[in-house]
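J.: Fold the following.
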Amino acid sequence: MTSAAHTTPSSPDTSTAAQAPAPGTRRVAAIDCGTNSIRLLVADVDVEAGTLTDLVREMEVVRLGQGVDKTGRLAPEALERTLEATRRYAQTCHELGAERVRFVATSASRDAENRQDFVDGVLAAIGVEPEVISGDEEAELSFRGATSVLGAGHTAPYLVVDLGGGSTEVVLGTDAPDAARSMDVGCVRMTERHLTLDPPTAEQVDAARSDVRAALDAAALVVPLGQAGTLVGLAGTVTTVTAHALGLERYDRDRINGSVLTVEQTLAACEDLLSKTRDERAALGFMHPGRVDVIAAGALVWSEVVRRVRDEVAASGGELTEVVTSEHDILDGIAWSVAQA
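T.: Numbering: from 1, shown residues only. Down below sits the predicted model:
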């Protein structure tokens, strides 16, 4: 498994973006540090108008959670990759004049015995202490980010699924979360725990599916999955599966954001990614280099979630035929929380 950092910038020239924010807006920075990636959003937020305008949106695959599921500790090299990215983000925040920065850390840093090393390192790098948030708060922020851009054409309640490297959050609600659960299944965790061969064996796939189904069983006791009016998927695994289902030659955020796939399209794309070798996945033009090693496990998790929600909705007398993909997620939720603080 590769451990090199990879960067995906999605930002304008900072010399242009560094102009003063418009009256009535607040320039804020949000950093989301997960198990697989670290991401930065600098945005101008107008709370009264309900608008969030991106200035910079960047992502680096730093694999902070490398080996955490097995060792319970953050690996020194993974920690250093993450802190290097944090120092670069600190410079960007300074250049753009962000008045407030919120740094949120999720699954890997929650689970690590040596997370204080991470907290101290981030504080030294960017001047703010990272908040190691709970799975429930992670779910709430993800819900807020995703639903902030959903149009009237989507039926409530919304079931938002944020599929990360170490954990997957499911949260149901309309205007705010009504029920949420964080599951300890994600693309990095399932890869390291089960899908160790290329391609994975049938036995490995079955074991991974068993883990995900057990996690969904527990989640369904808290979150009534069958009440979902719209299923919304977030984060890199889901957007990558969507790119594959859409047949994109290159990753196109605008094409992916808000796209609606049938359940059958989604499941077919997941199964195809799961069946491919590493070299075949790497050859896909939309595939981020840092996701090549873990997308098979991510696709497996997403396929199990989609199937389970479809079946739960059917058992409740409804029908789920479509899946919505959102590029707006916990990062947007963090930015909104900063602007309104």
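J.: quick one: Glu322 and Gln340, what's the gap?
T.: Counting by Cβ to Cβ, to the nearest Å, the separation of Glu322 from Gln340 is 32 Å. (Each C-beta comes from the backbone N, C-alpha and C, glycine too.)
J.: what does Gly233 give?
T.: From Gly233 over to Gln340 the distance is 26 Å, taken as Cβ to Cβ.
J.: between these two, who's got more neighbours?
T.: Gly233 (25 against 10; other Cβ atoms under 10 Å).
J.: For that one, grab phi and psi.
T.: Note on Gly233: its backbone torsions stand at phi -110, psi 140 [degrees, to the nearest 10].
J.: right, and it touches His328 too?
T.: No. Gly233 lies out of contact with His328 (Cβ atoms under 8 Å); the separation is 11.7 Å.
J.: so where do the helices sit in the protein?
T.: Remark: helices assigned in the chain by DSSP state H are 14-17, 68-71, 76-96, 107-111, 115-126, 135-147, 187-193, 202-220, 235-246, 253-256, 263-275, 278-282, 295-315, 330-339.
J.: avg pLDDT for the first one?
T.: Right, helix 14-17. Helix 14-17 shows a mean pLDDT of 50.
J.: and if you look at the fifth one?
T.: In this model, helix 115-126 has a mean pLDDT of 94.
J.: now do the fourth one
T.: With pLDDT averaged residue by residue, helix 107-111 scores 72.
J.: what's the answer for the third one, then?
T.: Helix 76-96 shows a mean pLDDT of 96 in the predicted model.
J.: Report all helices and strands that it contacts.
T.: Counting contacts by 3 or more Cβ pairs under 8 Å, 6 or more residues apart in numbering; DSSP states H and E, helix 76-96 packs against helix 14-17, strand 26-33, strand 37-46, strand 51-61, helix 115-126.
J.: try it again with 6 Å
T.: Judged by 3 or more Cβ pairs under 6 Å, 6 or more residues apart in numbering; DSSP states H and E, the packing partners of helix 76-96 are strand 37-46, strand 51-61, helix 115-126.
J.: Can you tell me which of these is most buried?
T.: strand 37-46 (a mean of 24; mean count of other Cβ atoms under 10 Å).
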